[in-house]
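Trainee: Can you look at this prediction? I've put the sequence above it.
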Amino acid sequence: MTTVSLDGESLTPEDVAAAVRDGVTVEVPESARERVREARERVVDVVESGEAVYGLNTGFGELVNERIPREKIEELQTNLIRSHSAGSGRECTEEEVRAMLLTRINALVKGYSGVREELVDHLVTLLNEGVHPVVRSRGSLGASGDLAPLAHMALVLLGEGEADYQGERYDGADALAMVDLDPLSLAPKEGLALINGTQLTVGKAALAVVDAENLVQAADAAGALTTEVTMGTTASCTPAIHEVRPHPGQAASARNVRKLCADSEIVESHRNCDRVQDAYAIRCLPQAHGAVRDAVAHVREAVEIELNSATDNPLVFDASDVDDRASGTDRAAIVSGGNFHGAPLAHRLDYLTAVMTDLASICERRVDRLVNPNLQEDHLPPFLTAQSGLRSGYMIAQYTAAALVNECRSLGRAATDNTPVSGGQEDHVSMSAQAAHHATTAVDHAATVVGVELLCATQALDFVDEALEPGAGTRAVAEAVREIAPPLDDDRVLSPELDRAAALARGGLLGERLAAAVGTELE
C-alpha cells in the first residue's frame, strides 16, 4: 500500500493501521474535494441569510439560545476550541493522535460538515508530515463527540497549543511553521466541525479491531501447539461437531487447529490412549475462541460504518435532500441531529473488552496446564525448567498472565453509565471514549497473555520426544517464537521476551508465517 485515499466512503481499519502505524501517505481525491467545496458554499449561503443556526451564530450546548452578532462569528469558533481544550490525564500516544487526525479528515471530506478545503489540507499536512498535536486523553463523554481531545488537536491549527515534530516539542505556531503552514482563522461552523465527532473513539476502535483479529488467530496457533505438547487430541475440532452447531467463528477456529496440527506425529502417538477427554481450555477452544471471533466481527461492522460517517452537528445538506429542515435557505439546509453520539461504538467496544478478557482467560488456563506440576503431563518438568526448585522457569510469567486477566475483568462497562452535562441540555451521553480506552487496554493485556502461552508451549515442545514430529503448522509456530526467545535453559529476565511475544501475537506476521507453512491462509 503506497497511499490511503480519504474519500469519506471507503476507509477500512486496515487503512487506518497503515496510515497511523506504518506512515503511509494519505491523499484526498478530487471527488471528495468537490463535496467539501459544495458544502462550504451552502454554509456561506446560510450565514449570509442572517438566519439563526446552531454552530454558526449561536452559543453551544445550554447556551444554544444566545445569538452571536455577525462580526463575532469567527471569534465564536476560536473561543469554542480554546474553551473545550479542557482535557486531563495522560497525553494521547502518537498512534492515538494520528488516528484522530486521519479519521477526522475522512469525516470532513464526506461533505456534510461545511469546512473550507484549506482546513482539510492543513490536517492532511499535519498527518503526512508527522506534526502531532499534544492531546490530553481524558475528558470526552462520547457525546457531543470526543470534544475535549479533538479540541486539543484543533488548537494547533490556530497556532496555539503544542505539537511534537521529529522528536521535539513546539508551540502550535512554530510547529505549523516547520511544515510551511500558517495558523488558520476559523470560519463559521469550522470550530464545531473540528470537534463534534467520535474520532478518538473510532480511531482507537479501528486499531483495536485489527489487533484483536490478529490475536484470535495467534491464540488459535498457541492453543494448537498447547494441544500437541500436553498430549491432547484434535478430535474436538472434527468438522462434524461444528457442522451441527454452525457458528462461523467456532468452525473457523476448529479449522485452524486442524490445519496447524495436520500430520502431527505427536498427536498420532497417543490417539488410542486412556484419556477420554481433554480439559475445557483445550477441548472447548473452538467454541470459546470462535465466540471471540464472532464478537470482533460485530465490532468491525460498526467501526467500518463509523469510519465513513458524518458525525458532527449540525450537518449541511442540499435543501432538496431534506424534507424537515430546522434552518437554511432555498439552496441549503442545516439540520441538527445526534450523529456525534457514540453509542453505536460504545456498546460494541464494551463487548470487545469482555471477549478479549475471555480470550486472555482461556489462554491463561492453558498456560497453567503447561507449567503447573499438579496438572502437567509426566514428560513436562514443573514450570517448564530443568532443575526446578533451583530454577523457577516460567512460574512468574503465569503470574503476570493471571494479573492481566484480573485487570481486564476489573475494567467494567463504560457504555451503561451516564452523567448529564451542559445544564441538562446534554442529558444522555455514551462514554464511548472510555469504552475505547477499556477495549484497547483489554486488547493489550490479551496480547501479552497470548504471548505467554506461545512462549510456554514452545518451551514445552523441547521436552517432547524428539522422535515425534509436530505438525508443520505448529512447528512453524515454535520456530517463530524461537526467533524472539531462545530456550529457557536457565532463569533470566523474561519481561523483554514477553513484550516481543505480545508483539508477535498482535502484529499479524505470525499468521503470514503459518500460512506459508501449511500452504493456505489461516482464518
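Mentor: Perfect, thanks for sending it.

Trainee: per-residue confidence averaged over stretch 474-486?
Mentor: For stretch 474-486, mean pLDDT is 97.

Trainee: which residues sit against that stretch?
Mentor: Contacts with stretch 474-486, where a contact means Cβ atoms under 8 Å, 6 or more residues apart in numbering, come from 221-222, 224-225, 228, 260-261, 264, 454-455, 457-458, 461, 469-470, 497, 500-501, 504, 509-510, 513-514, 516-518. From N, CA and C alone the C-beta is placed, and that goes for glycine too.

Trainee: Where in the protein is the helix or strand with the lowest mean pLDDT?
Mentor: strand 327-328 (a mean of 72; mean pLDDT, DSSP states H and E).

Trainee: any residues touching it, and which ones?
Mentor: With Cβ under 8 Å, 6+ apart as the criterion, strand 327-328 contacts 42, 46, 51-54, 319, 322, 333-335.

Trainee: In its sheet, which strands sit next to that strand, and in what direction?
Mentor: Paired strands of strand 327-328, with direction, are strand 332-335 (antiparallel) (DSSP bridges).

Trainee: tell me how far the helix or strand that the strand it pairs with is followed by is from the chain's mean position?
Mentor: Next helix or strand after strand 332-335 toward the C-terminus (DSSP states H and E): helix 343-371. A distance of 14 Å separates the centroid of the chain from that of helix 343-371, by Cα atoms, centre = their mean, to the nearest Å.

Trainee: Equivalent analysis for stretch 430-439, please.
Mentor: 11 Å.

Trainee: Just the mean pLDDT for that stretch, thanks.
Mentor: 90.

Trainee: Other residues contacting it?
Mentor: 137, 140-143, 146, 149, 198, 200-201, 204-205, 208, 341-343, 345-347, 349-350, 352-353, 356, 411-412, 414-415, 417-418.

Trainee: follow-up on the earlier one: so which of the contacts of stretch 474-486 belong to strands?
Mentor: The strands, defined by DSSP state E, take in nothing from those.

Trainee: any chance you could map the helices in the stretch 51-200 of the chain?
Mentor: 73-84, 94-108, 117-129, 147-155, 172-178, 190-195, 199-229 (DSSP state H, counting those that start in this stretch).

Trainee: okay if I get those as TSV plus mean pLDDT?
Mentor: TSV is the format used below for those (pLDDT from 0 to 100):
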stretch	mean pLDDT
helix 73-84	90
helix 94-108	98
helix 117-129	98
helix 147-155	96
helix 172-178	98
helix 190-195	94
helix 199-229	97
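
Trainee: Mean neighbour count for the ones you listed - can I get that in JSON lines?
Mentor: Putting these into JSON lines (neighbours: other Cβ atoms under 10 Å) gives the following:
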{"stretch": "helix 73-84", "mean neighbour count": "18"}
{"stretch": "helix 94-108", "mean neighbour count": "25"}
{"stretch": "helix 117-129", "mean neighbour count": "19"}
{"stretch": "helix 147-155", "mean neighbour count": "28"}
{"stretch": "helix 172-178", "mean neighbour count": "18"}
{"stretch": "helix 190-195", "mean neighbour count": "29"}
{"stretch": "helix 199-229", "mean neighbour count": "29"}
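
Trainee: Among those, which comes closest to Pro13?
Mentor: Comparison of those against Pro13 by Cβ to Cβ identifies helix 199-229 as nearest, at 4.1 Å.

Trainee: neighbours around Glu160, how many?
Mentor: 16 (other Cβ atoms under 10 Å).

Trainee: swap in the one 5 residues further on?
Mentor: Burial measure for Tyr165: 17 neighbouring residues, criterion other Cβ under 10 Å.

Trainee: What's opposite it in the beta bridge?
Mentor: Here Tyr165, judged by DSSP bridges, has bridge partners Val131, Glu168.

Trainee: any idea how far Glu407 lies from Val299?
Mentor: Here the criterion is Cβ to Cβ, to the nearest Å. By it, Glu407 lies 20 Å from Val299.

Trainee: Among those two, which residue is more densely surrounded?
Mentor: Val299 (25 against 14).

Trainee: wait, isn't that one in contact with Asp350?
Mentor: No: using Cβ atoms under 8 Å, Val299 makes no contact with Asp350, being 10.0 Å away.

Trainee: Low-confidence bits of the stretch 1-150 of the chain, can you list those?
Mentor: 61-62, 64 (pLDDT under 70).

Trainee: Identify the residue spatially nearest to Ser432, adjacent ones excluded.
Mentor: Excluding its sequence neighbours, the residue lying closest to Ser432 (Cβ to Cβ, 6 or more residues apart in numbering) is Gly342, at 2.7 Å.

Trainee: so who does that neighbour touch?
Mentor: Counted by Cβ under 8 Å, 6+ apart, Gly342 has contacts 142-143, 145-146, 198, 201, 430-433, 435.

Trainee: switch the cut-off to 6 Å
Mentor: 142-143, 198, 201, 430, 432 (Cβ atoms under 6 Å, 6 or more residues apart in numbering).

Trainee: Spatially, which two of those residues are the most separated?
Mentor: Ala143 and Thr201 (10.3 Å).

Trainee: and His341, how many residues sit next to it?
Mentor: 22.

Trainee: just checking, it touches Ala143?
Mentor: Yes: at 4.4 Å, His341 and Ala143 qualify as touching, with contact defined as Cβ atoms under 6 Å.

Trainee: any idea how far the spatially most central residue of the chain lies from Arg492?
Mentor: For the chain, the residue nearest the mean C-alpha position is Ala208 (2.0 Å; Cα atoms, centre = their mean). In this view, Ala208 and Arg492 are 32 Å apart by Cβ to Cβ.

Trainee: And for His270?
Mentor: In terms of Cβ to Cβ, His270 sits 32 Å off from Arg492.

Trainee: So for the two, which residue has more residues nearby?
Mentor: Using other Cβ under 10 Å, the more surrounded residue of His270 and Arg492 is His270, with 14 against 11.

Trainee: Find the nearest non-adjacent residue to that one, please.
Mentor: Closest to His270 by Cβ to Cβ, 6+ apart is Met231, at 5.1 Å.

Trainee: Wasn't the one you found part of a helix?
Mentor: No: using DSSP: H, G, I helix; E, B strand; the rest coil, the assignment for Met231 is coil, not a helix.

Trainee: what's around Val452, how many residues?
Mentor: Neighbours around Val452, by other Cβ under 10 Å: 32.

Trainee: Kindly report the same for the one 5 residues further on.
Mentor: Neighbours of Ala457 under the rule other Cβ under 10 Å: 27.

Trainee: What's the ChimeraX line that selects buried ones from the contacts of stretch 430-439?
Mentor: With 16 or more other Cβ atoms under 10 Å as the criterion, this ChimeraX line picks the buried residues out of those:
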select :137,140,141,142,143,146,149,198,200,201,204,205,208,341,342,343,345,346,347,349,350,352,353,356,411,414,415
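
Trainee: pLDDT weak spots in the stretch 351-500 of the chain?
Mentor: Using pLDDT under 70, the stretch 351-500 of the chain has no residue that qualifies.

Trainee: List the contacts of Ser185.
Mentor: Counting by Cβ under 6 Å, 6+ apart, Ser185 has contacts Glu74.

Trainee: Phi first, then psi, for it.
Mentor: Note on Ser185: backbone dihedrals following degrees, to the nearest 10 are phi -100, psi 120.

Trainee: before we move on, what about Gly55?
Mentor: Residue torsions, per degrees, to the nearest 10, at Gly55 are phi 90, psi -20.

Trainee: these two touch, right, it and Leu192?
Mentor: Yes: with contact defined as Cβ under 6 Å, Gly55 counts as touching Leu192 (4.2 Å).
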